[in-house]
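[1] Could you work out the structure for the sequence below:
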Amino acid sequence: MLDAEARMLLDLMDAATKSGRPKLETLPHAIGRAAVDKMSEDGEADPPEVAETIDGTLPGPAGPIRYRRYLPAGVAAGALPTLIYYHGGGFVIGTI
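    You can find the predicted model right below:
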C-alpha cells in the first residue's frame, strides 16, 4: 500500500502531465532542479529552528561522503538520539 501523501503527489504529477506540462525527467537539469525547488518551497512547512548546522565529510569507498548535521535548539550539549536520512535521489534534483 502506498502512503497517502506519496499517492497525492503522484496524482498531482500525473494531472500536470495530462494538462500538458512536460514530465520532470524530460526537462534540462537546470530547469528540472528549479521546478523541484519551487515545488518544495510551495509545499513544505517552515523548518524548525536549530541551534547549529554543521557540514562535513566522512570517508567513503568512492571518495568523501558529504553530510549535514543539525543540532536541536534548547537542548544541552552531549549525546543525543540521532536520525540519519539517506538521500535517495542520487543528488540529481533538488538542493539542500
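[2] Buried residues, the least confident helix or strand in the chain by mean pLDDT. List them.
    Lowest by mean pLDDT, DSSP states H and E among the helices and strands of the chain is helix 29-43, with a mean of 79. Buried residues in helix 29-43, counted by 16 or more other Cβ atoms under 10 Å: 32-33, 35-36. In this view, the C-beta of every residue, glycine as well, is placed from N, C-alpha and C.
[3] Max pairwise distance over those residues: which two?
    Farthest-apart pair in those is Arg33 and Ala35; separation 7.3 Å (Cβ to Cβ).
[4] In this protein, where is pLDDT below threshold?
    The model of the chain has pLDDT under 70 over residues 43-44, 88-96.
[5] Which stretches in it count as helices?
    Remark: helices assigned in the chain by DSSP state H are 4-18, 29-43.
[6] Make JSON lines from these and add distance to Gly78 to it.
    Converted to JSON lines, the helices of the chain look like this (distance: least, Cβ to Cβ, whole Å):
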{"stretch": "helix 4-18", "distance to Gly78": "34"}
{"stretch": "helix 29-43", "distance to Gly78": "32"}
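[7] Out of the ones you listed, which gets nearest to Tyr67?
    Per Cβ to Cβ, nearest to Tyr67 of the helices of the chain: helix 29-43, 19.8 Å.
[8] Distance from the chain centre to that closest one, please.
    Taking Cα atoms, centre = their mean, to the nearest Å, one finds helix 29-43 lying 11 Å from the centre of the chain it belongs to.
[9] Now do it and helix 4-18, the angle between them.
    130 degrees (axes from the mean of the first three to the mean of the last three Cα atoms, to 10 degrees).
[10] and helix 29-43, what other elements does it pack with?
    With contacts defined as 3 or more Cβ pairs under 8 Å, 6 or more residues apart in numbering; DSSP states H and E, helix 29-43 has no helix or strand neighbours.
[11] With only the CA atoms kept, save that helix in CSV.
    In CSV, the C-alpha atoms belonging to helix 29-43 read as follows (Å, rounded to 0.1, in the frame of the first residue of the first chain):
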residue,chain,number,x,y,z
HIS,A,29,18.6,19.6,-15.5
ALA,A,30,18.7,23.3,-14.6
ILE,A,31,15.0,23.7,-15.3
GLY,A,32,14.1,20.5,-13.6
ARG,A,33,16.1,21.5,-10.4
ALA,A,34,14.4,24.9,-10.4
ALA,A,35,11.0,23.2,-10.7
VAL,A,36,11.6,20.8,-7.8
ASP,A,37,13.0,23.6,-5.6
LYS,A,38,9.8,25.6,-6.3
MET,A,39,7.6,22.6,-5.5
SER,A,40,9.5,22.1,-2.3
GLU,A,41,9.2,25.8,-1.3
ASP,A,42,5.5,25.8,-2.0
GLY,A,43,4.7,22.5,-0.3
